[in-house]
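A.B. asks: 3D, please:
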Amino acid sequence: MLRNCLVFILCACFSLSALAQKVKPIRVLIVDGFSNHDWKQTTAVTKWILEESGRFAVEVSTVPADSLERSAWNPDFTQYALIVQNTNNIQNPNLRWPRQAERQLEEYVKNGGGLYILHSANNAFPHWKEYDQMIGLGWRRASEGYALEIDGAKSITRIAPDEGKGTGHGDRFNALIQVLTPHPINKEYPNQWQTANTEVYYFPRGPAENITVLSCAFDSTSTKRTWPVEWVVKYGKGRIYNSSLGHLWKGESYPPAYRCIGYQTTVIRAAEWLATGRVTFPIPPNFPTAISQSLRPEDSFKMP
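C.D. replies: Next up is the predicted model:
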């Protein structure tokens, strides 16, 4: 009897330990500090979206504004399963991460780390060639890499440097996202779903190596052509997710692009895949469809 009781207690302890490990939150670091977008609100909303899911514990490292302090900034990325990159120096190319932080991010991803390129972060750092390799495509001049376009048969056309334009976008609109490649992030998504007030980048450019385009959208406000919206990149042992979704401009407050349930679901599922290689977060029943948007209420988020 005593032996049976001990066995039961040990089994219970192991089960509780396994359960604790299963529900242990995924550690995420958001890097911010400068951008032509509202980076403070973008960080706050992204942190809230991830933590509300119950799957993540999110910290923030803000690149110092002071140049001397910035030169010494060097967070330990290895303490996290995922880095969310939310800096953008498109208006001030001299504003950069210190070289030691650049090298650390390169090694972190090469060794298996996850990297989420958050909207305007793919506008950043044209000087940093390994960053170009990590993001695959970004906001670049016509001479700075290949562009990818999707034709009517959903085949990808590779456009050479200096052919066509540099990266840009037309007016924001309620884009119809078309799933191009099945992936754990979009598993069981409808083949098409509506976003709200989003940007579709035309001629996104870069090395476009080790890249898989997950979705695309027809650019109805400018080029009248279909361009990638989401893509993933393999860099060493690491995984990168990059997308033009998630625009939050100065003067906006929790705009429809961020209130979109399709966007919020994708943020969570992409982050989980980057950090763990699998996706367990379910698709909510009110996920948007090809004919209707789905937005959370304006008061569902408040700036801290």
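A.B. asks: Going by C-alpha atoms from here, please, whenever you check contacts or count neighbours.
C.D. replies: OK.
A.B. asks: Following the least confident helix or strand in the chain by mean pLDDT in sequence, what is the next regular element?
C.D. replies: Ranked by mean pLDDT, DSSP states H and E, the helix or strand of the chain with the weakest confidence is helix 2-23, at a mean of 46. The C-terminal neighbour of helix 2-23 among helices and strands, as given by DSSP states H and E, is strand 26-32.
A.B. asks: Show me the contact partners of that next one.
C.D. replies: Applying Cα atoms under 8 Å, 6 or more residues apart in numbering, the external contacts of strand 26-32 come out as 39-40, 43, 47, 55-63, 77, 79-87, 275.
A.B. asks: tally of neighbours for E209?
C.D. replies: Close neighbours of E209, defined as other Cα atoms under 10 Å, add up to 16.
A.B. asks: wait, I meant V233
C.D. replies: When neighbours are counted by other Cα under 10 Å, V233 comes out with 22.
A.B. asks: Can you give me every residue that contacts it?
C.D. replies: V233 touches M134, I135, G136, E209, N210, I211, T212, R239, I240, Y241, counting by Cα under 8 Å, 6+ apart.
A.B. asks: Identify the residue nearest the residue most central in space within the chain in space, chain neighbours excluded?
C.D. replies: For the chain, the residue nearest the mean C-alpha position is Y116 (3.8 Å; Cα atoms, centre = their mean). Nearest residue to Y116, sequence neighbours excluded (Cα to Cα, 6 or more residues apart in numbering): V84, at 4.6 Å.
A.B. asks: Just say helix, strand or coil for the one you found.
C.D. replies: Here V84 is recorded as strand under DSSP: H, G, I helix; E, B strand; the rest coil.
A.B. asks: Which parts of the chain are strands?
C.D. replies: For the chain, the strands defined by DSSP state E occupy 26-32, 56-62, 82-85, 114-118, 146-150, 156-159, 168-169, 176-179, 192-194, 201-202, 205-206, 211-218, 226-235, 238-243.
A.B. asks: what's the most buried one of the ones you listed?
C.D. replies: strand 205-206 (a mean of 28; mean count of other Cα atoms under 10 Å).
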